[in-house]
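*Asks:* What follows is a protein structure lacking sequence information:
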């Protein structure tokens, strides 16, 4: 998931949600930063 979905598919999904009016555009960067695998603590 961290290798394919998060870097490739999740940003596209968020962009589609912005286009549909579900998410504000300003939220996308914050969401992506929050789930950035480089910043997540090791489990």
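*Replies:* Perfect, thanks for sending it. Treat the numbers as computed from the prediction; the structure is a model and nothing was measured.
*Asks:* For residue 35, which non-adjacent residue is closest in space?
*Replies:* residue 6 (6.1 Å; CB to CB, 6 or more residues apart in numbering). The C-beta positions use only the backbone N, C-alpha and C, and glycine is treated the same way.
*Asks:* tell me the pLDDT at that neighbour?
*Replies:* Note on residue 6: pLDDT of 83.
*Asks:* isn't it right up against residue 33?
*Replies:* No: the criterion here is CB atoms under 8 Å, and residue 6 misses it with residue 33 at 11.7 Å.
*Asks:* more neighbours, these two?
*Replies:* Taking neighbours as other CB atoms under 10 Å, residue 6 and residue 33 compare with residue 6 leading, 15 against 9.
*Asks:* Helix, strand or coil: sort out the residue lying closest to residue 23 once chain neighbours are set aside for me.
*Replies:* Once its chain neighbours are removed from consideration, residue 23 has its nearest residue in residue 17; the separation is 4.3 Å (CB to CB, 6+ apart). In three-state terms, and counting by DSSP: H, G, I helix; E, B strand; the rest coil, residue 17 is helix.
*Asks:* Number of residues surrounding residue 19?
*Replies:* Here the neighbour count serves as a burial measure; for residue 19 (other CB under 10 Å) it reads 10.
*Asks:* And for the one 5 residues further on?
*Replies:* The tally of other residues near residue 24 (other CB under 10 Å) stands at 10.
*Asks:* That one contacts residue 18, correct?
*Replies:* Yes: applying CB under 8 Å as the test, residue 24 and residue 18 come out as touching, 7.3 Å apart.
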